[in-house]
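Student: 3D model of this:
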Amino acid sequence: MSYAGAAHLHYFTIALLLGLLLAEFAQLRQQLSPRRGWALLFTDLAYGVSAGLVLTTGLIRLIWFGKGLDYYLMNSFFYLKMGLFLLVSMLSILPTFVFLGWRASLRAGESPRLDRRRLLQLRLTMVVELLALLGMVAAAALMARGHGQF
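Tutor: The predicted model follows:
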């Protein structure tokens, strides 16, 4: 793998993560059929896997194909990126637990129940996740151009 290959793989996994979060947001409705409930559950699972891939490809770049570990560890935008990634990871727990709670009813062929308050809570959580992910992209661009060094 080359420097460019590692970078492109990392960018692809980031785009996949963003796309899956947007798909999850678009699928989330107050009234869900069992089929849509399963789709949402699997989209959330794919979102979690893609987050792991983002982390893995990021570590590959950090260790072998980036600008060197010292460059990143001496950059405030790197720490901002990692903090935002941790925030997104923590926020994604709520939707995952809600969707996993539907498994029994989905197996029985029943539609998942989602009250208006929980729907708004999940949507707000996903919007904050999306904004944090966009903040990570901005921090990465600044870091790559040498800003934030100390």
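Student: against Gly37, how distant is the residue sitting furthest away from the middle of the chain?
Tutor: Ranking residues of the chain by C-alpha distance from their mean position (C-alpha atoms, centre = their mean) puts Ala108 at the top, at 29.7 Å. Distance, Ala108 to Gly37, by C-beta to C-beta, to the nearest Å: 11 Å. For every residue, glycine as well, the C-beta is placed using N, CA and C.
Student: ok, Phe25 - contacts?
Tutor: Residues in contact with Phe25 (C-beta atoms under 8 Å, 6 or more residues apart in numbering) are 123, 126-127, 130.
Student: ok, Gln149 next?
Tutor: 74-76.
Student: measure it to Ser76 for me?
Tutor: For Gln149, the distance to Ser76 equals 8 Å [C-beta to C-beta].
Student: for stretch 11-24, C-alpha coordinates in PDB please.
Tutor: Taking Å, rounded to 0.1, in the frame of the first residue of the first chain, the C-alpha atoms of stretch 11-24 are listed here in PDB:
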ATOM      1  CA  TYR A  11     -11.200   9.100   2.700                       C
ATOM      2  CA  PHE A  12     -13.500   6.300   1.300                       C
ATOM      3  CA  THR A  13     -14.300   5.000   4.800                       C
ATOM      4  CA  ILE A  14     -15.000   8.600   6.000                       C
ATOM      5  CA  ALA A  15     -17.400   9.100   3.000                       C
ATOM      6  CA  LEU A  16     -19.000   5.700   3.800                       C
ATOM      7  CA  LEU A  17     -19.500   6.700   7.500                       C
ATOM      8  CA  LEU A  18     -21.100  10.000   6.500                       C
ATOM      9  CA  GLY A  19     -23.300   8.300   3.900                       C
ATOM     10  CA  LEU A  20     -24.500   5.700   6.400                       C
ATOM     11  CA  LEU A  21     -25.300   8.300   9.000                       C
ATOM     12  CA  LEU A  22     -27.300  10.300   6.500                       C
ATOM     13  CA  ALA A  23     -29.100   7.100   5.400                       C
ATOM     14  CA  GLU A  24     -29.900   6.300   9.000                       C
END
